[in-house]
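[1] starting from these lines, generate the structure:
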Amino acid sequence: MERICKNCKHWEQQEKNRKYMGNCQSDKFTEDDYSGIELTSTNFVYWACEDRVGANFSTGENFGCIHWQEKEV
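    Numbering: from 1, shown residues only. The predicted structure is shown next:
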């Protein structure tokens with residue numbers, strides 16, 4: 001199986017008007033709120049602004065990364 005987002009268990013497709021995009025739900029996608037989380041060389045870190053509630057890490061369905069895990073069928 002090709003190791004790309006649309007085949008990954010962490011990826012969820014967005015609404016139909018953006019049919020080739022989705023959101024990554026991997027635990028490696030981490031908000032750094034300066035609370036002393038342990039950062040590693042494989043984390044993807046975002047810094048949220050005060051007026052934003054949460055954030056999404058969006059990718060195209062054919063993007064791939066080292067945290068890929070096969071979807072369970």
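[2] within the sheet, what are the partner strands of the helix or strand bottoming out on mean pLDDT in the chain, with directions?
    Between all helices and strands in the chain, the lowest mean by mean pLDDT, DSSP states H and E belongs to strand 44-46, at a mean of 72. According to DSSP bridges, strand 44-46 forms sheet pairs with strand 29-31 (parallel).
[3] if we can go back for a sec, could you give the average pLDDT over the helix or strand that comes right after the least confident helix or strand of the chain?
    Following strand 44-46 in sequence order, the next helix or strand is strand 58-60 (DSSP states H and E). Per-residue pLDDT over strand 58-60 has a mean of 87.
[4] centre of the chain to strand 58-60, how far?
    8 Å (Cα atoms, centre = their mean, to the nearest Å).
[5] pull up the pairing partners for it, direction included.
    By DSSP bridges, strand 58-60 pairs with strand 21-24 (antiparallel).
[6] residues contacting the strand it pairs with, please?
    Outside strand 21-24, the residues within contact range by Cβ atoms under 8 Å, 6 or more residues apart in numbering are 5-6, 8, 10-14, 44, 56-61. The way it works is simple: take the backbone N, C-alpha and C, and place the C-beta from them, glycine included.
[7] how about those residues, which pair is most distant?
    Distance extremes for the contacts of strand 21-24: the farthest pair is Q13 and F44 at 19.1 Å, using Cβ to Cβ.
[8] which of the contacts of strand 21-24 are buried?
    5-6, 8, 10-11, 57, 59, 61 (16 or more other Cβ atoms under 10 Å).
[9] between these, which is nearest W68?
    C8 (4.9 Å).
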